[in-house]
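In: Here is the input, now give the coordinates:
(one chain, ligands or ions: 1)
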Amino acid sequence: MTVLLGCIADDFTGATDLANTLVKAGMRTVQLLGVPRADLAVPDADAVIVALKSRSNPAREAVAMSLSALGWLRSAGARQIYFKYCSTFDSTDAGNIGPVADALCDALGTGFTVANPAFPTNKRTVYQGYLFVGDCLLSESGMRHHPLTPMTDPSLVHVLQRQTPNRVGLVAHATVARGAAAVRAAFDELARSGVRHAILDAIGDDDLLVLGEACADLPLVTGGSGMAMGLPRNFARAGLLEAGRGSAMPSITGPAVVLSGSCSTATQAQVADFRRTHEAFVIDPLQITSIDEVVAAALDWARSRLGSRPILFFSTAAPESVAAVQSRLGREQAGALVEGVLSRIAQGLVVHGARRIVVAGGETSGAVVGALGVEGLQIGAEIDPGVPWTASLGEPRLALALKSGNFGSTDFFLKAFDCYG
Ligand code: ADP
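Out: As a prediction, the model looks like this:
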């Protein structure tokens, strides 16, 4: 396999977001859950993303995990490395963006890289090195109260400078507006003056395309998922990426199920819409006396129904009942209980032949994918913005749509099964 773009993402949902961006730009993309074991059969792909869970780890651990991912990606032939982090630059003075970027630069033998979390579609823009969330500076947004990585300084030059002993510089919007050649000249100038990390301004997708073009020859690019938007074109220009290869997915047929542990507003409407025409099994955390019993009851219920039409298992509830459950069981205990039950049901359903699975809920998806032992995902076409179909690697192959929180239209569950492929 010869990978063109090798990506290292510092969390799972961020990796999916990046995967989606690359697929839309014409790259066949695979997302691996952690650094893969040596004998995992990874299908041919133009881009491979190793999804780590390294955002909030001690910097030393994040560096070690990232270097291990880099080792795998280089052995797969990656021509360029992309380090993906959050569009709100989630980090502390201890890292991990600076230490990881420095370690990757050292390992790749390069003295210069760029950093740009901008994602204009989601209203994250960078101007004069300052990160805006909508019309607020980062430090005035909700991110200032983040429990793990509170962001109280909107200047990315200053934020990153505190995370690295190397010099941080800026390519301001006035330069970006002059096009890729001007940006490349600015890179050369900054590198000559001893800058290792250049923060890049971007206030719209046009800027990201210019920046992507300017980064064609950099061994390492770092950013949010937006910054990756312009990179696939470089490979196409170099004749390495065939147009229209798209995201051909394996044919996966077999019983269809939905598992919903999300209580977000959109999910509540999706569950109600599905139940109008299809059968569903409700999981009420307050009624659970034994996990084994509820799982057995759910699988018993499923046995005669599995196969003909999609069926749903849900704990989705309105805020009042979630609050009641949480006050009785505790927030974390309730979450762990429901995630455990849905994961065990998912395992049983696969044993009984289920092959096409929609999961609603970010945490719920992580728990289900973990319980199913999924090691990687081939990324397919978008069902709704931000939610692609995926196919698990390894046997049995499962079609998985992992939908977090408020994503998807009201008819998402049935629409998803109509458009796998
Ligand atoms: P979302 O993406 O909508 O935030 P998540 O799966 O990330 O969904 O989070 C929902 C959390 O709520 C999970 O930990 C889940 O186990 C928990 N949960 C689900 N149903 C209930 C319920 N009825 N009462 C309390 N907690 C619940």
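In: For the rest of this, base every contact and every neighbour count on C-alpha atoms.
Out: OK.
In: Parallel or antiparallel, which strands does the longest strand along the chain pair with?
Out: The longest strand of the chain (DSSP state E) is strand 376-384. Looking at strand 376-384 with DSSP bridges, its partner strands are strand 29-33 (antiparallel), strand 387-392 (antiparallel).
In: out of those, nearest to the ligand?
Out: strand 387-392 (12.1 Å; C-alpha to the nearest ligand atom).
In: what does the closest one contact?
Out: The contact list for strand 387-392, computed with C-alpha atoms under 8 Å, 6 or more residues apart in numbering, reads 20, 249-250, 374-383, 397-403, 407-408, 416, 420-421.
In: Any residue of it touching the ligand?
Out: No. Using C-alpha under 6 Å from any ligand atom, we find that strand 387-392 stays clear of the ligand, coming within 12.1 Å at best.
In: So what's the residue count around Gly109?
Out: Per other C-alpha atoms under 10 Å, the neighbour tally for Gly109 reads 11.
In: separation between it and Ala103?
Out: 10 Å (C-alpha to C-alpha, to the nearest Å).
In: Show the model's pLDDT score for the most far-flung residue of the chain relative to its centre.
Out: Distance from the centre of the chain peaks at Ser304, with 35.7 Å (C-alpha atoms, centre = their mean). On pLDDT, Ser304 comes in at 94.
In: Pipe the strands paired with strand 376-384 into TSV and attach mean neighbour count and mean pLDDT per row.
Out: Shown next, in TSV, are the strands paired with strand 376-384 (neighbours: other C-alpha atoms under 10 Å; pLDDT from 0 to 100):
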stretch	mean neighbour count	mean pLDDT
strand 29-33	26	96
strand 387-392	25	94
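In: Near the ligand, which residues of this protein? Just list them.
Out: So the chain meets the ligand at 261-264, 285, 315-317, 322, 325-326, 334-336, 338-339, 361-364, 404-405 (C-alpha under 6 Å from any ligand atom).
In: can you do 8 Å?
Out: Taking C-alpha under 8 Å from any ligand atom as the criterion, the chain approaches the ligand at residues 260-265, 267, 283-285, 314-318, 321-326, 331-332, 334-340, 360-365, 403-406.
In: domain ranges for the protein?
Out: Here the domain parsing of the chain from automatic domain parsing is 5-237, 256-420.
In: residues touching the residue nearest to Leu286 when sequence neighbours are not counted, list them.
Out: Distances taken as C-alpha to C-alpha, 6 or more residues apart in numbering put Val325 closest to Leu286, at 6.4 Å, once the chain neighbours are dropped. Val325 makes contact with Pro285, Leu286, Arg331, Ala334, according to C-alpha under 8 Å, 6+ apart.
In: Helices of the chain, residue ranges please.
Out: Secondary structure of the chain, counting by DSSP state H: helices at 12-24, 59-75, 97-108, 156-161, 173-176, 180-192, 205-214, 231-237, 265-275, 291-303, 319-329, 331-351, 362-371, 412-418.
In: Could you report the neighbour count for the residue of the stretch 1-150 of the chain found nearest the ligand?
Out: Of all residues in the stretch 1-150 of the chain, Thr13 sits closest to the ligand, at 10.4 Å by C-alpha to the nearest ligand atom. Close neighbours of Thr13, defined as other C-alpha under 10 Å, add up to 20.
In: What sits closest to it if chain neighbours are left out?
Out: Gly362 (7.7 Å).
In: Tell me which residues touch the one you found, please.
Out: Thr13, Ser262, Leu402, Lys403, Ser404, Gly405.
In: In strands only, show me the residues you listed.
Out: Leu402, Lys403.
In: Tell me how far the residue in the stretch 151-300 of the chain that the ligand sits nearest to lies from Ala15.
Out: Taking C-alpha to the nearest ligand atom, the ligand has its nearest neighbour within the stretch 151-300 of the chain at Ser262, 3.6 Å off. To Ala15, Ser262 is 20 Å away according to C-alpha to C-alpha.
In: try Ala272
Out: From Ala272 to Ala15 the distance is 30 Å (C-alpha to C-alpha).
In: Name the residue in the two with the higher neighbour count.
Out: Ala15 (26 against 14).
In: doesn't Ser54 make contact with the more buried one?
Out: No. With contact defined as C-alpha atoms under 8 Å, Ala15 does not reach Ser54; the gap is 11.9 Å.
In: Can you list the low-confidence ranges for this protein?
Out: 1, 244-247, 421 (pLDDT under 70).
In: can we see that at 80?
Out: 1, 243-248, 405, 421 (pLDDT under 80).
In: Now render the contacts of Val325 as a markdown table, adding neighbour count.
Out: A markdown table is the format used below for the contacts of Val325 (neighbours: other C-alpha atoms under 10 Å):
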| residue | neighbour count |
| --- | --- |
| Pro285 | 21 |
| Leu286 | 13 |
| Arg331 | 14 |
| Ala334 | 18 |
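In: Relative to Arg55, how far out is the nearest residue to Ser139 once chain neighbours are set aside?
Out: Distances taken as C-alpha to C-alpha, 6+ apart put Thr152 closest to Ser139, at 4.4 Å, once the chain neighbours are dropped. Plainly put, Thr152 is 17 Å away from Arg55 if you go by C-alpha to C-alpha.
In: Neighbour count for these two, which is higher?
Out: Neighbour tally, Thr152 and Arg55, criterion other C-alpha under 10 Å: the higher count belongs to Arg55, 21 against 17.
In: residues contacting that one?
Out: Asp10, Asp11, Ala62, Tyr85, Asp90, Ser91, Asn96.
In: Let's see that with 6 Å instead.
Out: Asp10 (C-alpha atoms under 6 Å, 6 or more residues apart in numbering).
In: do the same with the one 5 residues further on
Out: Arg60 sits next to no residue when contact means C-alpha under 6 Å, 6+ apart.
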